[in-house]
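**Q** kindly return the folded structure for what I paste below:
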Amino acid sequence: MPDLLRYAGQAVVYALFAGFIGYFASRPVIRQIPEDHAQIKLSFTHGAARKVACRRLSSEEIAKLPPKERRPNTCARERADIRVQLMIDGEIVYDAVLEPIGLSGDGPAHAYRKFPVPAGEHTIEARLRDSPRIEGFDYETKMTVELVPLQNLAIDFKADGGGFTFR
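**A** Below you'll find the model as predicted:
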């Protein structure tokens, strides 16, 4: 009889524990954005152009190099900073200069930002400069989108894909 009471007690404790976990797995309801809003996410990783263009070595310079290191060009490793700008309905919501990662500044730059916006129609303009020039942008995309409540719109960048993509 004591074994039966012990097993019944364990079953009650396990049921209470499972109920506790089950309740707090679904309650309280937490919303990252309000019910009547949508979210725009800007997320990309991109390696910019080199700060200094590659230079062709002369025959004399190539001859001075050790045999295993001979190459026709020499290139600096550092990459240019990336300037990215995001406008929603004519208002700049993100404007940043992203530095390349890596000890030599030769890696890609990363961006990840979220922007909650009211649901409805919005005009989004994304711009990016990945060259060493000072003014203007190398890539610009403008699009009008209709966002429904709780929708996520992802903005990605692929240089070989033509620039910004909206999904």
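
**Q** C-alpha from now on. contacts and neighbour counts both.
**A** Noted.

**Q** quick one, strands of the chain?
**A** With DSSP state E applied, the chain shows strands at 37-46, 55-56, 73-74, 82-88, 91-98, 109-118, 120-129, 139-147, 152-158, 163-166, listed in chain order.

**Q** what residues does the fifth one touch?
**A** It stands for strand 91-98. Here strand 91-98 makes contact (CA atoms under 8 Å, 6 or more residues apart in numbering) with 81, 82, 83, 84, 85, 86, 87, 109, 110, 111.

**Q** quick check: buried residues in that strand?
**A** By 16 or more other CA atoms under 10 Å, the buried positions in strand 91-98 come out as residue 98.

**Q** by how many degrees do it and strand 120-129 diverge?
**A** With axes from the mean of the first three to the mean of the last three CA atoms, to 10 degrees applied, the angle from strand 91-98 to strand 120-129 works out at 30 degrees.

**Q** now strand 91-98 - C-alpha only, CSV.
**A** Extracted as CSV, the C-alpha positions of strand 91-98 are listed here (Å, rounded to 0.1, in the frame of the first residue of the first chain):
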residue,chain,number,x,y,z
GLU,A,91,11.9,60.0,-43.5
ILE,A,92,15.4,58.7,-42.9
VAL,A,93,15.1,56.0,-40.2
TYR,A,94,18.6,54.5,-40.6
ASP,A,95,21.8,56.2,-41.8
ALA,A,96,25.0,54.5,-40.8
VAL,A,97,28.6,54.0,-41.9
LEU,A,98,29.5,50.3,-41.4
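
**Q** sorry, back to before: please produce TSV containing the strands of the chain, extended by distance to residue 8 and mean pLDDT.
**A** Output for those, formatted as TSV (distance: least, CA to CA, whole Å; pLDDT from 0 to 100):
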stretch	distance to residue 8	mean pLDDT
strand 37-46	49	96
strand 55-56	82	89
strand 73-74	78	87
strand 82-88	61	97
strand 91-98	60	97
strand 109-118	51	96
strand 120-129	56	97
strand 139-147	54	97
strand 152-158	48	96
strand 163-166	57	95
